[in-house]
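Generate a structure from the sequence data that follows.
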Amino acid sequence: MNCSILSAEVSFRPQPFARPLQLSSGTITEITEATATVTVRIGSREATGKGSIYLSDLWAWPDPAIPHSQRDAAMQDYCSQLAADLPGLSGPQHPLSHGMDLLSRNAHHAGPGRIPFLAGSVCLSPFDAAIHDAAGHALRRSAFHLYDDACADQHAASPAQLAAIRRFLRPTPSPEVDGWYVVSATDPLTSDFHHFIQHHGFRCFKLKTLGKDPDADARRTADVFAAAQALGVSHPRLSADSNEGNPDAQSVATYLDALQSLSPAAYEALAYLEQPTGRDIRTHAFDWHSIAARKPILVDEGLMEPSILPVIEQQGWSGICLKTCKGHSFNLIAGAWAASRGLLTAVQDLTNPGLAAIHSCLLAQHTPSLNGVELNSPQFTPAANDPWASRLPSLFSPTDGSHHLPNPLVHGLGSLC
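Numbering: from 1, shown residues only. The predicted model follows:
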């Protein structure tokens, strides 16, 4: 596929949170949405695509020494620089190659005095999505169908890589995927929790644990499980994410021991754990084999670029978290790598709104996701979904605890839904 990038631009919009989202690194109360627009040419056809993401600096760049406003401004500046440079960054090639070129550029841009690598990945992700979206519109096919034999031509950087991605993707996308309700460490298990269970049918719950006190985290997990059961959820499903809050692997084992002792049913309901320790898994290196033998444990913030993949396998992680904020292209390459080694994949969130939520749901529908998909913008920034909510109520306001798209085989990545 010979895809040329003709133009790119980016716009920004502040989005206040309807209620705070508490992470172990701090609390998010407002955020900037970045929307990229990219025009491409494939053969004689030109088409425009879009992608969006929240510039979540507290997650991607958790540095308390730098104010949020300064980090946010730096990420906006990098997005604007990417928009200006993108048309001249690469020649005609497959959209996957364009996406990986952006990731390579990110490796050179990140460093001392600059934004961290993961924050840079967040900035490039809406452009990667917009390129794939535009290519899909130009070819009048889903962006997840850009990896078949017709597209694996001389313009692909690696036909074998495209074949691996093709094997990873579902031949038929799932018509529905489980949704997850996010429970911050101090959230009351009252009105909003009740609403999402009783009106939206949620039965899967992601706990934002703090990682500092394993016994306290175990009690909170057991309390959430019991509260869900009390509201009529017969078989609650749980996950736990301390966002790197745990000091080491032993503290994770202590949490599991405490939970198993306190509530065997809640322990059984715990489906997996996300990135409990520091994101630099070469520096924060632990042997996870014994934990993985009890519960799946997935790399999230530590999954940044291809060279980390062998380290993930060596350390005994059970699998990886795919997130659209890390770049569509890298998600597919990392997912294909994991599948080839029998490792798990889960599709996680960054409070994705609107376009980004559609993209994330499509990713979950087309991949063997352990969890379904986590979309928490209906909880935290529902107003950001207003332009799409009335057209896609089964995505943004489900009634059966699952997210649906009426036609998962849309052109591109769904920007024209």
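
could you pull out the helices for the stretch 101-250 of the chain?
Under the criterion DSSP state H, counting those that start in this stretch, the stretch 101-250 of the chain contains helices at 117-139, 159-168, 191-198, 214-230, 249-262.

which helices and strands does the longest one pack with?
Judged by 3 or more C-beta pairs under 8 Å, 6 or more residues apart in numbering; DSSP states H and E, helix 117-139 is in contact with strand 3-23, strand 26-42, strand 45-54, helix 57-60, helix 68-89, helix 95-109, helix 328-340, helix 354-366. In short, each C-beta sits where N, CA and C put it, glycine included.

Quick one: mean pLDDT over the last one.
Which is helix 354-366. Per-residue pLDDT over helix 354-366 has a mean of 97.

Name the residues of it that come out as buried.
Neighbour counts over helix 354-366 (16 or more other C-beta atoms under 10 Å) mark 354-366 as buried.

How about the third one?
Neighbour-count burial for strand 45-54 flags Ala47, Thr48, Gly49, Lys50, Gly51, Ser52, Ile53, Tyr54 (criterion: 16+ other C-beta under 10 Å).

Flag the shaky bits of the stretch 151-300 of the chain, pLDDT-wise.
Of all residues in the stretch 151-300 of the chain, those with pLDDT under 70 make up the ranges 151-157.

ok, back up a step: just give me the closest of the buried residues of strand 45-54 to Leu256.
Set against Leu256, the nearest of these by C-beta to C-beta is Tyr54 (31.4 Å).

what's the burial count for the residue lying closest to the closest one once chain neighbours are set aside?
Using C-beta to C-beta, 6 or more residues apart in numbering and skipping residues adjacent in sequence, the residue nearest Tyr54 is Ile31, 4.8 Å away. By other C-beta atoms under 10 Å, 25 other residues sit near Ile31.

Ile31 bridge partners, please.
Taking DSSP bridges as the rule, Ile31 bridges to Gln15.

Would you confirm that it contacts Thr351?
Yes. Assessed by C-beta atoms under 8 Å, Ile31 is found in contact with Thr351 at 7.2 Å.

intersection of neighbour lists for the two?
Applying C-beta atoms under 8 Å, 6 or more residues apart in numbering, one finds that Ile31 and Thr351 are jointly contacted by Tyr54, Ser56, Thr381.

tell me the SS of the nearest residue to the second one once chain neighbours are set aside?
It refers to Ser56. The shortest distance from Ser56 to any residue that is not its chain neighbour, by C-beta to C-beta, 6+ apart, is 5.3 Å, and that residue is Leu350. Assigned state for Leu350: coil (three-state reduction, DSSP: H, G, I helix; E, B strand; the rest coil).

Give the burial count for Leu350, as a bare number.
Applying the criterion other C-beta under 10 Å, we find 23 residues in the vicinity of Leu350.

coming back round to it: show me what contacts the residue nearest to Tyr54?
Contact analysis of Ile31 by C-beta under 8 Å, 6+ apart lists Pro14, Gln15, Phe17, Tyr54, Leu55, Ser56, Thr351, Thr381.

among these, which ones are buried?
Among these, the ones that count as buried by 16+ other C-beta under 10 Å are Gln15, Phe17, Tyr54, Leu55, Ser56, Thr351, Thr381.

any idea of the mean pLDDT for whichever helix or strand Val311 is part of?
Element membership of Val311, judged by DSSP states H and E, is helix 309-315. With pLDDT averaged residue by residue, helix 309-315 scores 98.

So, low pLDDT: which residues of the stretch 1-150 of the chain?
Counting by pLDDT under 70, the ranges of the stretch 1-150 of the chain that qualify are 24-25, 110-113, 149-150.

ok so, going back, now distance to Gly342 too, for the buried residues of helix 354-366, in CSV please.
Compiled in CSV, the buried residues of helix 354-366 are given as follows (distance: C-beta to C-beta, whole Å):
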residue, distance to Gly342
Gly354, 35
Leu355, 33
Ala356, 30
Ala357, 30
Ile358, 30
His359, 27
Ser360, 24
Cys361, 25
Leu362, 24
Leu363, 20
Ala364, 20
Gln365, 22
His366, 19
